[in-house]
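[1] sequence first, then the predicted structure:
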Amino acid sequence: MNRMPSWRTERGFSFVISLFFIVLLMTIAGGLAYRVRAEASAMNNFKDETQAYYLAVAGLNRAIAEISGDFALVVRAEDGSALFAVKNDEGYSILRSTREFDLGDGAVSYSIGDERGKINLNTAKKETLLELMRLLGVDGPDSGTIADAIIDWRDEDHDAGFTGAEDDYYSSVANPYGAKDDSFDTTGEAALVKGMTKEVFHGTDDTPGAGAFLTAYGDGKVNVNTADEKVLIAALGAGAAAEILSRRATGYFETPVHGGEVTSGVFSITSRGTVRGLEAALSAIVEKRGDRAVVLSFKPGPRS
Ligand SMILES: [Ca+2]
């Protein structure tokens, strides 16, 4: 019988053990290197996200500086955002601020919207709310429900309108709550009223959301210089809306018409900061009080 000498078996065995430990160490080292790389990358992402957030804050501050300025009119830019016009010897001139710019390692962009270019949830008549819903393509019965429910939400009484809703209705939903019986404090509250589905409030791919045309801020007067066509029709009627839009095609109003306004004091701001492809957004509602601007609400993320 041909047996292998024992010293050779032992050497073979030690070799296998050594190999095993080398492979084990390499695996551990590889795993460790991967974790270190992943943590470094997460750290860099965190750093970029933080930078992007503060760039968005810088945009918000620039927007607040614009709002704090001494303007006479608030007019509509081509993209629907609000621009400020100052009075001077020749009449009025529109301030064209740079709302997109590079800063440090990244970029900032912000937009300002006029809350007076929207339908006021606290003062709108039922007919105005009905018309807005109709223009947004909401079915007749659902439009009636939403209009009645908005009015029931803000009125002090507990008597539900024709198809409206008070505590009885809201106490029977999946996560019950009560009707507010007081003014809307935020536009987002409108998403709580009966009939205001997610699709109606936020819109779909085909239809714009009602949330973009409603506001809880301001005195209820519509700025004829900034309001969207749907808002003008719902608030002032189709005839007045057509007249306003035709005059706006070649300029802007310096004095109020049809019971509206030509300036504003409450604005929505969305600001974005971007660093190496990472974006941070924040949104705020800001009210002008003299030469100051007061932040009424503030939240991370774009305005919903
Ligand atoms: Ca009520």
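    Everything's here; your move. Numbers count the residues shown, from 1 in each chain.

[2] what does the chain put close to the ion?
    Residues of the chain lying close to the ion (C-beta under 5 Å from the ion) are 152, 155, 179, 181. The way it works is simple: take the backbone N, C-alpha and C, and place the C-beta from them, glycine included.

[3] just the ones of the residues you listed in helices?
    residue 152 (DSSP state H).

[4] now for the longest strand along the chain, which elements pack on it?
    Longest strand of the chain, by residue count under DSSP state E: strand 278-289. Secondary-structure packing of strand 278-289 (3 or more C-beta pairs under 8 Å, 6 or more residues apart in numbering; DSSP states H and E): helix 6-68, strand 266-275, strand 292-300.

[5] hey, which of the ones you listed is tucked in deepest?
    Stretch with highest mean neighbour count among the helices and strands packed on strand 278-289: strand 266-275 (a mean of 24; mean count of other C-beta atoms under 10 Å).

[6] partner strands of that strand, with direction?
    strand 106-114 (antiparallel), strand 278-289 (antiparallel) (DSSP bridges).

[7] now the helices and strands packed on strand 278-289 as a markdown table including mean pLDDT?
    Output for the helices and strands packed on strand 278-289, formatted as a markdown table (pLDDT from 0 to 100):
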| stretch | mean pLDDT |
| --- | --- |
| helix 6-68 | 86 |
| strand 266-275 | 97 |
| strand 292-300 | 93 |
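
[8] got CSV for these, with distance to residue 216 too?
    Below are these laid out as CSV (distance: least, C-beta to C-beta, whole Å):
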stretch, distance to residue 216
helix 6-68, 18
strand 266-275, 10
strand 292-300, 9
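
[9] go through these and name the closest to residue 91.
    Closest of those to residue 91 is helix 6-68, at 20.4 Å (criterion: C-beta to C-beta).

[10] low-confidence stretches in the stretch 201-304 of the chain?
    Applying pLDDT under 70 to the stretch 201-304 of the chain picks out residues 303-304.

[11] just the closest residue of it to the ion, please.
    For the stretch 201-304 of the chain, the residue closest to the ion is residue 216, as judged by C-beta to the ion, at 15.9 Å.

[12] hang on, the earlier thing: just send the residues of the chain next to the ion back as a markdown table, with neighbour count and pLDDT too.
    Formatted as a markdown table, those follow (neighbours: other C-beta atoms under 10 Å; pLDDT from 0 to 100):
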| residue | neighbour count | pLDDT |
| --- | --- | --- |
| 152 | 25 | 97 |
| 155 | 17 | 96 |
| 179 | 24 | 95 |
| 181 | 14 | 97 |
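
[13] what about the closest residue to residue 72 other than its chain neighbours, neighbour count?
    In space, and not counting its chain neighbours, residue 72 is closest to residue 87: 4.4 Å by C-beta to C-beta, 6 or more residues apart in numbering. As a burial measure, residue 87 scores 13 neighbours (other C-beta atoms under 10 Å).

[14] elements contacting the host helix or strand of residue 87?
    Element membership of residue 87 [criterion: DSSP states H and E] is strand 82-88. Contacts defined by 3+ C-beta pairs under 8 Å, 6+ apart place strand 82-88 against strand 73-76, strand 91-95, strand 106-114.

[15] lowest-confidence stretch among the ones you listed?
    Among the helices and strands packed on strand 82-88, strand 91-95 has the lowest mean pLDDT, at a mean of 94.

[16] thanks again, I'm all set now.
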